[in-house]
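Novice: Test case, fold it:
(one chain, ligands or ions: 1)
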Amino acid sequence: MNKKYQVVKGFRDIFPPESFLFWQAEKLAREIFARFGYAEILLPVLESQELFSRSIGADTDIVAKEMFVVPDKKGQNLVLRPEATASVVRAYVEGLAQKGSAKLFYYGPMFRYERPQKGRYRQFWQIGAEAIGYAGPGVDAELLLLLDLFFKDLGLKDISIRLNSLGCKICRPAYREALVKYLKSNESALCEECKRRLETNPLRVLDCKNEACKAVTKNAPSPSAFLCPDCATHFAGLRKLLDRQKLVYQLDDQLVRGLDYYTRTVFEFQAPTGLGAQNAVVGGGRYDDLVEELGGNPTPAIGFALGVERLALLLSEKISEAELLAGPEAFLVFSGEKAYAFAFKLLFALRAAGLFADMALDEPLRSLRSQLKLADKLKSKAALIVGEDELSGKIFNLKLLGSGKELKLDHETLQRVAKVDWEEMKSHLSQPGFVYAGKEYEQALVQNQGLLKLLKIYLHELERQEE
Ligand code: HAM
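Specialist: Numbers count the residues shown, from 1 in each chain. The predicted structure is shown next:
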């Protein structure tokens with residue numbers, strides 16, 4: 001037997017129906033971004049390694065341990081992007097900065113060499129937005145409210161928001177000093193890595209998942225107590241806007257986020273259950289120094305990224321597979337070669353008219369029973385029977401697969417019904433005694449507008465066949 005290949009560890013194939021959840025999230029995000037004035041930026045997946053060590057920070061987990069490095073033929077180290085904020089800022093400085101501020105969104109895969117587990121993969125998808133060139137707290141509030149709307153529209157009502165302010169390069173040094181002093185007095189309880197971080201990047205200690213370190217950091221000084229007047233005003237301004245909009249959030253002094261570029265506002269959206277340890281669905285914040293750090297003029301900015309796998313996990317608990325995989329409006333069931341030819345033509349006419357139609361296209365031709373079985377398997381709403389009588393125009397024969405009812409129309413009635421305008425028929429049907437084609441038909445037609453379309457196209461194809 002030939003070798004069987006497997007997907008690379010930590011990478012996944014996203015099969016239907018899960019892929020429908022991704023599509024649903026993407027579709028809604030695109031609609032909302034459009035309403036909020038965010039335009040899409042399409043970014044490369046490969047970037048220079050230095051871009052990320054410079055922006056995310058050399059001493060972060062992402063840069064120190066999780067980069068997929070791809071040496072190119074000239075010996076330069078490229079990496080599969082672990083996130084897209086640095087890429088957006090690079091692209092902004094390179095191609096957009098001269099036009100002023102920009103509100104951008106992106107959707108695509110990111111790569112981090114992490115230990116795979118539920119909700120954590122080595123390739124994962126993010127939907128993200130970045131607003132570059134906006135200093136005031138209005139845009140911070142806008143992004144939080146955008147996300148709130150997104151989750152509510154998806155029916156995810158119990159996502160909680162954690163919010164903090166990390167201050168800026170003016171007030172951070174005093175906080176850093178106080179933090180180092182506190183951590184030094186508890187140094188013996190810290191893990192080896194945090195003892196080292198204490199010297200290189202003490203804020204990262206607050207992000208450590210080690211239980212002993214968490215116990216120490218629980219009582220660490222909080223950044224909000226050290227905010228300079230400008231940062232305090234900014235944070236108070238943001239909170240006022242959110243309170244006015246009645247957005248519920250929790251202040252969280254321990255929230256520092258795992259990337260070094262953040263200043264002032266940071267936030268996370270968390271799921272209550274279902275994701276285990278990986279409960280952060282969205283992470284974001286301000287990075288007011290990053291544009292300058294990457295070669296641009298001093299330009300404030302803020303953004304977020306949402307993990308689509310984690311979102312899909314939450315959605316899958318709410319939406320059943322049946323809801324996701326909507327079956328065809330009509331499945332065409334035929335008997336014999338002539339009927340096959342007619343059904344084949346009809347199939348593409350229906351599809352061209354915007355209907356989801358299907359039929360068995362495999363050879364040899366299947367039996368009627370097997371075709372009906374397939375229609376059921378695909379969750380088709382109706383099976384349209386095409387046999388000799390149907391072809392000769394004697395009868396139109398539709399089986400509603402939910403109820404199992406057979407609806408049959410003679411050619412004359414078919415012609416009459418097919419001429420009717422759907423809106424007109426709907427209003428006539430509410431009048432007692434008005435009959436087009438029998439009660440069951442009318443009910444079916446009212447419940448399923450596609451059926452009337454199907455009828456019209458069927459008749460058209462039938463008449464063309466006769467020509
Ligand atoms: P982040 O917190 O590293 O932030 O990632 C954002 C979200 O991506 C997380 O909350 C999570 O839902 C998802 N995520 C991260 N790593 C994984 C993984 N290994 N597997 C599955 N999902 C994952 C950023 O990436 C920043 N660029 C966000 C940002 C944008 N800040 C400002 N602008």
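
Novice: Quick check: which ranges of the chain have low pLDDT?
Specialist: For the chain, the stretches with pLDDT under 70 are 274-277, 363-364, 422, 425-448, 466-467.

Novice: What residues does the one residue in it that gets nearest to the ligand make contact with?
Specialist: Residue of the chain nearest the ligand, by CB to the nearest ligand atom: G307 (2.2 Å). (Glycine included, C-beta is placed from N, CA and C.) Applying CB atoms under 8 Å, 6 or more residues apart in numbering to G307 gives the contacts G119, F124, W125, Q126, Q278, A280, V281, V282.

Novice: how about the second one, what does it touch?
Specialist: Contact partners of F124, counting by CB under 8 Å, 6+ apart, are P109, M110, R112, G307, V308, E309.

Novice: which ones among the residues you listed are found in helices?
Specialist: V308, E309 (DSSP state H).

Novice: what about burial for the contacts of F124, which qualify?
Specialist: M110, R112, G307, V308, E309 (16 or more other CB atoms under 10 Å).

Novice: Kindly tell me how buried the closest residue to H460 other than its chain neighbours is, as a neighbour count.
Specialist: Distances taken as CB to CB, 6 or more residues apart in numbering place A349 nearest to H460, at 7.4 Å, with adjacent residues excluded. Counted with other CB atoms under 10 Å, the neighbours of A349 add up to 17.

Novice: wait, A349 sits on E461?
Specialist: Yes. Counting by CB atoms under 8 Å, A349 touches E461, with 5.6 Å between them.

Novice: Quick one: residues contacting the residue lying closest to F304 once chain neighbours are set aside.
Specialist: Take F304 and drop its neighbours on the chain: the residue closest to it by CB to CB, 6+ apart is G284, 2.7 Å away. G284 makes contact with L143, V266, F267, E268, I302, G303, F304, A305, according to CB under 8 Å, 6+ apart.

Novice: List the strands paired with the helix or strand that G284 is a member of, with their directions.
Specialist: Counting by DSSP states H and E, the element that carries G284 is strand 280-286. Within its sheet, and counting by DSSP bridges, strand 280-286 is paired with strand 263-270 (antiparallel), strand 301-307 (antiparallel).

Novice: So which of those is nearest K27?
Specialist: Nearest of the strands paired with strand 280-286 to K27, taken as CB to CB: strand 301-307 at 13.9 Å.

Novice: Counting neighbours, what do you get for L80?
Specialist: There are 18 residues near L80, going by other CB under 10 Å.

Novice: what's the answer for the one 10 residues further on, then?
Specialist: Other residues near R90 come to 22 when the count uses other CB under 10 Å.

Novice: Next up, the contacts around it.
Specialist: R90 neighbours (CB under 8 Å, 6+ apart): E47, L51, L294.

Novice: Can you lay out those residues as a markdown table showing distance to V139 and secondary structure?
Specialist: Converted to a markdown table, the contacts of R90 look like this (distance: CB to CB, whole Å; DSSP: H, G, I helix; E, B strand; the rest coil):
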| residue | distance to V139 | secondary structure |
| --- | --- | --- |
| E47 | 25 | strand |
| L51 | 24 | helix |
| L294 | 20 | coil |
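
Novice: Put together a markdown table for those residues, with distance to I457 on each row.
Specialist: Formatted as a markdown table, the contacts of R90 follow (distance: CB to CB, whole Å):
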| residue | distance to I457 |
| --- | --- |
| E47 | 50 |
| L51 | 54 |
| L294 | 57 |
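
Novice: Could you pick out the buried ones from those residues?
Specialist: If we count by 16+ other CB under 10 Å, the contacts of R90 have these buried: E47, L51, L294.

Novice: So which residues on the stretch 251-400 of the chain come close to the ligand?
Specialist: 258, 280-285, 303-305, 307, 309-310 (CB under 6 Å from any ligand atom).

Novice: Out of those, which is nearest to D59?
Specialist: For those, the minimum distance to D59 (CB to CB) is 10.9 Å, reached by G258.

Novice: tally of neighbours for that closest one?
Specialist: 16.

Novice: which non-adjacent residue is nearest it?
Specialist: D207 (5.2 Å).

Novice: any idea how this protein splits into domains?
Specialist: 18-171+227-316, 326-466 (automatic domain parsing).

Novice: any chance of these in a markdown table, plus distance to N2?
Specialist: Shown next, in a markdown table, are the domains of the chain (distance: least, CB to CB, whole Å):
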| stretch | distance to N2 |
| --- | --- |
| domain 18-171+227-316 | 26 |
| domain 326-466 | 25 |
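
Novice: quick one, which of the ones you listed is packed in tightest?
Specialist: Greatest average neighbour count among those goes to domain 18-171+227-316 (a mean of 18), per mean count of other CB atoms under 10 Å.

Novice: and that one, how far apart are its ends?
Specialist: This stretch, domain 18-171+227-316, spans 8 Å end to end (CA to CA, to the nearest Å).

Novice: Also stretch 92-101?
Specialist: 9 Å.

Novice: what's the answer for stretch 11-27, then?
Specialist: 23 Å.

Novice: Contacts for it next, please.
Specialist: Residues outside stretch 11-27 that contact it (CB under 8 Å, 6+ apart): 7, 107, 121-123, 125, 127, 154, 306, 308-309, 311-312, 315-316, 319, 321, 324-325.

Novice: Same question for stretch 247-260.
Specialist: Here stretch 247-260 has contacts from 55-57, 59-62, 83, 85, 144-145, 148, 160-164, 166, 201, 203-204, 206-207, 217-218, 220, 222-224, 242, 262, 266-268, 283, 285, using CB under 8 Å, 6+ apart.

Novice: run the last query once more with 6 Å
Specialist: Contact partners of stretch 247-260, identified using CB atoms under 6 Å, 6 or more residues apart in numbering, comprise 56-57, 60, 148, 161-164, 203, 206-207, 222, 266, 283.

Novice: C-alpha coordinates for stretch 334-352, CSV please?
Specialist: Provided in CSV are the C-alpha atoms of stretch 334-352 (Å, rounded to 0.1, in the frame of the first residue of the first chain):
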residue,chain,number,x,y,z
PHE,A,334,-35.3,11.0,-12.8
SER,A,335,-36.0,7.7,-14.5
GLY,A,336,-34.4,6.8,-17.8
GLU,A,337,-32.0,8.5,-20.2
LYS,A,338,-34.5,11.0,-21.6
ALA,A,339,-35.5,12.2,-18.2
TYR,A,340,-31.8,12.4,-17.2
ALA,A,341,-31.2,14.7,-20.1
PHE,A,342,-34.1,16.9,-19.2
ALA,A,343,-33.3,16.9,-15.5
PHE,A,344,-29.7,17.8,-16.2
LYS,A,345,-30.8,20.9,-18.2
LEU,A,346,-33.3,21.8,-15.6
LEU,A,347,-30.7,21.5,-12.8
PHE,A,348,-28.5,24.1,-14.3
ALA,A,349,-31.4,26.4,-15.2
LEU,A,350,-32.5,26.3,-11.5
ARG,A,351,-28.9,26.9,-10.3
ALA,A,352,-28.5,29.8,-12.8
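
Novice: Pull the distance from that stretch to the chain's centre.
Specialist: On the basis of CA atoms, centre = their mean, to the nearest Å, stretch 334-352 sits 37 Å off its chain's mean C-alpha point.
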